[in-house]
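[1] any chance you can model this:
(2 chains)
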There are 2 protein chains.
Amino acid sequence: MTTFNFGAGPAILPQAVLEQAKAEIFDWQGSAVSLFEIPFGDAAFSDVIETTRKALRSLLKLPDTHHLLFLQGGAYAHFAFVAMNLLKDRKRACYFKTGHWSDRAIAQASKYGEIVVDRIVSDAAYCHITTNETTQGRQFHQFPDPQGLPLVADVTSDFLTRPIDFSLFDLIYASAQKNVAPAGLSLVILHEKLFDRALEITPRVFNYTEQARNKSRLNTPNVMGIYMAGLMAKWVSDQGGLSEMARRSQQKSALLYDVIDNSRFFENCVTMQMRSHVNVCFGLKDDALNDLFLQQAQAAGLLHLKGHAKGAPLRASLYNALPLSGVVALAEFIDRFDARLNKVP
Amino acid sequence: MTTFNFGAGPAILPQAVLEQAKAEIFDWQGSAVSLFEIPFGDAAFSDVIETTRKALRSLLKLPDTHHLLFLQGGAYAHFAFVAMNLLKDRKRACYFKTGHWSDRAIAQASKYGEIVVDRIVSDAAYCHITTNETTQGRQFHQFPDPQGLPLVADVTSDFLTRPIDFSLFDLIYASAQKNVAPAGLSLVILHEKLFDRALEITPRVFNYTEQARNKSRLNTPNVMGIYMAGLMAKWVSDQGGLSEMARRSQQKSALLYDVIDNSRFFENCVTMQMRSHVNVCFGLKDDALNDLFLQQAQAAGLLHLKGHAKGAPLRASLYNALPLSGVVALAEFIDRFDARLNKVP
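    Numbering: from 1, shown residues only, chains lettered A, B, ... in the order given. Alright, predicted model coming up:
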């Protein structure tokens, strides 16, 4: 049976990327040595980093002003580090509260300054958004105007699913385990105008300015994750780039929203203009039926559709590697489930 | 030509571990799904963590009082986090200054409290040592008496190379990329008596107490690194355990120290009782000859023998996966190099 993985993360990766990784990691460039074993001081080590950096910079059309860092920690760690890196002079920051992950970002940033929620104050150090809320299935399709403040974004769950206009963003960061690489890698893209704004308490390896100046080699980075990110960048590029990823995400999510909206028993509670193209959160109006749906979906090979405890009961995550055929299968399954309920007298 | 990698890190891994990883990672338990793609909420995800935890706890004979955490960041990040996690009530800490890595640990910890160097003060929160200085080739074979303070150790470069007496240590931490797993994973082992001593500014995912209470799943961990650490724990155990690793490390390092001590042209400047069994740092007395040695060694398949910029010019790292035959080859090479110099009129 063909199965499809709709899990929210760590996410599926394209088969072509996995096959290339399997062939290369354990015999690095024909050296009979694995990628894991390349010493930090060896030219091959920095080559891995620079190859990925080049591929991602090209894919993202990154301006020279923006530095791309490969760090560890996960976005949850960077909720704290972003604030540490920017609150040296100005002690306030503005955060848009859109769901579970922005809540967590706010809780961490609050340790280092005063957080103003859902409004802009002119003396803030920056304005923060979560571009896509994985838990609630809400996504910014137009970004709020930061009124001259640096705009900072957690792009974890929609990174590489659409083009990014870097004239709008001064700092973006992401955990890699959705569309970029296996868990254990974080990406930070930083405008150099934000250099040297870190609090003294910032751990040195999480000081973005220092890592930018040291090309992410201040300490030993997760070189395997960086290598995989390079393969993913190339795969996205080969598939047609970020605008093609955006087209596919729209197509896949529209298919699901359409079948949900046209059903009698399913619902999606996200306002139309914020519906995510990446995480479709939905549920059966009769909550007692959600478990039955999950059981039957799993039996049909439609896996990991359970929603987050703080969100809707069901969720379909449609990352770049999920084929359209999986979404078609899920849409048809929802349609049939709805039709069967319609027949219940 | 057989080659041997004497690099200081990321280090070589046993061939058997690499082969098992290649066979398993891309087809996880016959599911046709890769290890990278297992969702965080799936039982298989926590199974990976718990399997490794069990294997490491058993190998280390870890007492129930000590919690094993799988985090990110690298030891350099934990130089800061250790201090953050322990300085809530007492604002001073004692550090033994033994080389490059303890210097870095001191520099990071100094952001969060007063650091007392090379002596014990009774009102300190803890006493910190670097069990093995990779750069200088110095290792504690007997540990200093912390006079009742909690003893904290960076064990990055000699973890799993000898048994650890956990009645002496209250917190140990390590980057994984020497003897445990690929770069991108950090291990922290914490006595529960040190719970709840973190500063308010500690990022939540690096709050050791919170991670202990959440079984290292407060955020998405580096599951591939954790899996590899499990394979390594099993490999070490199959080879005879930590006392066997200690025997091998002693045997390998003794072979090199012996040939260096008996040579006319090479030298090792570490006091006898602190000579590392893991990183043998040495050099030619005539500094002009070190580059020639490196060139000829590389041509002979003896790779990555260049020392750290802040240490001796040459260094042979003898991690668990380096076979005795590699050390024999290097010892013979040093001997021949010395003999040729002896013949120069």
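
[2] quick one, strands of chain A?
    A:4-5, A:66-71, A:92-95, A:114-117, A:127-130, A:132-133, A:138-139, A:151-154, A:171-175, A:186-191, A:266-267, A:279-284, A:302-303, A:314-317 (DSSP state E).

[3] could the ones you listed be laid out in a markdown table, adding mean pLDDT?
    Output for the strands of chain A, formatted as a markdown table (pLDDT from 0 to 100):
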| stretch | mean pLDDT |
| --- | --- |
| strand A:4-5 | 96 |
| strand A:66-71 | 98 |
| strand A:92-95 | 98 |
| strand A:114-117 | 98 |
| strand A:127-130 | 98 |
| strand A:132-133 | 98 |
| strand A:138-139 | 98 |
| strand A:151-154 | 98 |
| strand A:171-175 | 98 |
| strand A:186-191 | 98 |
| strand A:266-267 | 98 |
| strand A:279-284 | 98 |
| strand A:302-303 | 96 |
| strand A:314-317 | 98 |
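
[4] any idea which of these gets closest to A:Ser253?
    Across the strands of chain A, A:Ser253 has its closest neighbour in strand A:279-284 (5.7 Å, C-beta to C-beta). Just so you know, the C-beta spots here come from the backbone N, C-alpha and C atoms, and that holds for glycine as well.

[5] about what we covered before: could the strands of chain A be laid out in TSV, adding mean neighbour count and distance to A:Thr52?
    Formatted as TSV, the strands of chain A follow (neighbours: other C-beta atoms under 10 Å in any protein chain shown; distance: least, C-beta to C-beta, whole Å):
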stretch	mean neighbour count	distance to A:Thr52
strand A:4-5	22	25
strand A:66-71	23	7
strand A:92-95	22	30
strand A:114-117	15	33
strand A:127-130	27	25
strand A:132-133	28	23
strand A:138-139	24	26
strand A:151-154	25	21
strand A:171-175	25	14
strand A:186-191	24	10
strand A:266-267	18	41
strand A:279-284	25	26
strand A:302-303	20	30
strand A:314-317	25	24
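
[6] a markdown table for the ones you listed, including distance to A:Ala77?
    Below are those laid out as a markdown table (distance: least, C-beta to C-beta, whole Å):
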| stretch | distance to A:Ala77 |
| --- | --- |
| strand A:4-5 | 26 |
| strand A:66-71 | 9 |
| strand A:92-95 | 17 |
| strand A:114-117 | 18 |
| strand A:127-130 | 15 |
| strand A:132-133 | 19 |
| strand A:138-139 | 23 |
| strand A:151-154 | 12 |
| strand A:171-175 | 9 |
| strand A:186-191 | 7 |
| strand A:266-267 | 35 |
| strand A:279-284 | 22 |
| strand A:302-303 | 29 |
| strand A:314-317 | 22 |
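
[7] for the stretch 201-345 of chain A, give me the ranges with low pLDDT.
    Across the stretch 201-345 of chain A, nothing is flagged by pLDDT under 70.

[8] chain B contacts on that one?
    A:201, A:203-206, A:218-225, A:228, A:304, A:306 (C-beta under 8 Å from any C-beta of the partner chain).

[9] go with 10 Å
    A:201-206, A:218-226, A:228, A:303-304, A:306, A:308-309, A:317, A:321 (C-beta under 10 Å from any C-beta of the partner chain).

[10] just to check, A:Asp165 is in contact with A:Lys61?
    Yes: applying C-beta atoms under 10 Å as the test, A:Asp165 and A:Lys61 come out as touching, 9.4 Å apart.

[11] out of the two, which sits in the busier spot?
    A:Lys61 (12 against 9; other C-beta atoms under 10 Å in any protein chain shown).

[12] wait, what's in contact with that one?
    A:Pro163, A:Ile164, A:Asp165, A:Phe166, A:Gly241, A:Leu242 (C-beta atoms under 10 Å, 6 or more residues apart in numbering or on different chains).

[13] just so I know, which of the strands of chain A lies nearest B:Asn262?
    Comparing the strands of chain A under C-beta to C-beta, the one sitting nearest is strand A:66-71, at 45.3 Å.

[14] what helices and strands are in contact with that closest one?
    Packing partners of strand A:66-71 (3 or more C-beta pairs under 10 Å, 6 or more residues apart in numbering or on different chains; DSSP states H and E): helix A:43-60, helix A:75-86, strand A:171-175, strand A:186-191, helix A:208-213, helix A:223-239.

[15] redo that, cut-off 7 Å
    helix A:43-60, strand A:186-191, helix A:208-213 (3 or more C-beta pairs under 7 Å, 6 or more residues apart in numbering or on different chains; DSSP states H and E).

[16] and the longest one, what's buried?
    It refers to helix A:43-60. For helix A:43-60, a neighbour-count test (16 or more other C-beta atoms under 10 Å in any protein chain shown) marks A:Phe45, A:Ser46, A:Val48, A:Ile49, A:Thr51, A:Thr52, A:Arg53, A:Ala55, A:Leu56, A:Arg57, A:Leu59, A:Leu60 as buried.

[17] what's in contact with it?
    Residues external to helix A:43-60 that are found in contact with it (C-beta atoms under 7 Å, 6 or more residues apart in numbering or on different chains): A:38-39, A:68, A:70, A:164, A:216-217, A:221, A:223, A:226-227, A:229-230, A:233-234, A:236-237, A:241-242.

[18] buried among the residues you listed? Make that a PyMOL selection.
    A single PyMOL command selects the buried members of those (16+ other C-beta under 10 Å):
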select buried, chain A and resi 38+39+68+70+164+216+221+223+226+227+229+230+233+234+236+241+242
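
[19] quick check: A:Tyr126 vs chain B, distance?
    A:Tyr126 is 18 Å from chain B, where distance means C-beta to the nearest C-beta, to the nearest Å.

[20] residues touching that residue, list them.
    A:Leu86, A:Ala93, A:Leu149, A:Pro150, A:Val152 are the contacts of A:Tyr126 under C-beta under 7 Å, 6+ apart.

[21] okay, now the nearest residue to A:Ser253 once chain neighbours are set aside: neighbour count?
    Spatially, and ignoring its direct neighbours in sequence, A:Ser253 is nearest to A:His277 (4.3 Å; C-beta to C-beta, 6 or more residues apart in numbering or on different chains). A total of 23 residues lie near A:His277 under the criterion other C-beta under 10 Å.

[22] residue contacts, A:His277?
    A:His277 touches A:Gln139, A:Thr161, A:Ser249, A:Gln250, A:Ser253, counting by C-beta under 7 Å, 6+ apart.

[23] could you redo the last one with a cut-off of 6 Å?
    A:Ser249, A:Gln250, A:Ser253 (C-beta atoms under 6 Å, 6 or more residues apart in numbering or on different chains).

[24] please apply the same query to A:Leu218.
    A:Val205, A:Glu210, A:Gln211 are the contacts of A:Leu218 under C-beta under 6 Å, 6+ apart.

[25] ok, and the most crowded of these?
    Neighbour tally across those (other C-beta under 10 Å): the maximum, 26 neighbours, falls on A:Val205.

[26] wait, it sits on B:Ala75?
    No: with contact defined as C-beta atoms under 6 Å, A:Val205 does not reach B:Ala75; the gap is 9.7 Å.

[27] which bits of the stretch 51-200 of chain A sit near chain B?
    Contact residues (C-beta under 6 Å from any C-beta of the partner chain) of the stretch 51-200 of chain A with chain B: A:Gln72, A:Gly73, A:Gly74, A:Tyr76, A:Ala77, A:Ala80, A:Lys111, A:Gln177, A:Pro182, A:Ala183, A:Gly184.

[28] the closest residue to A:Gly301 other than its chain neighbours: neighbour count?
    Closest residue to A:Gly301 apart from its sequence neighbours, by C-beta to C-beta, 6+ apart: A:Thr3 at 4.0 Å. By the criterion of other C-beta under 10 Å, A:Thr3 has 15 neighbours.
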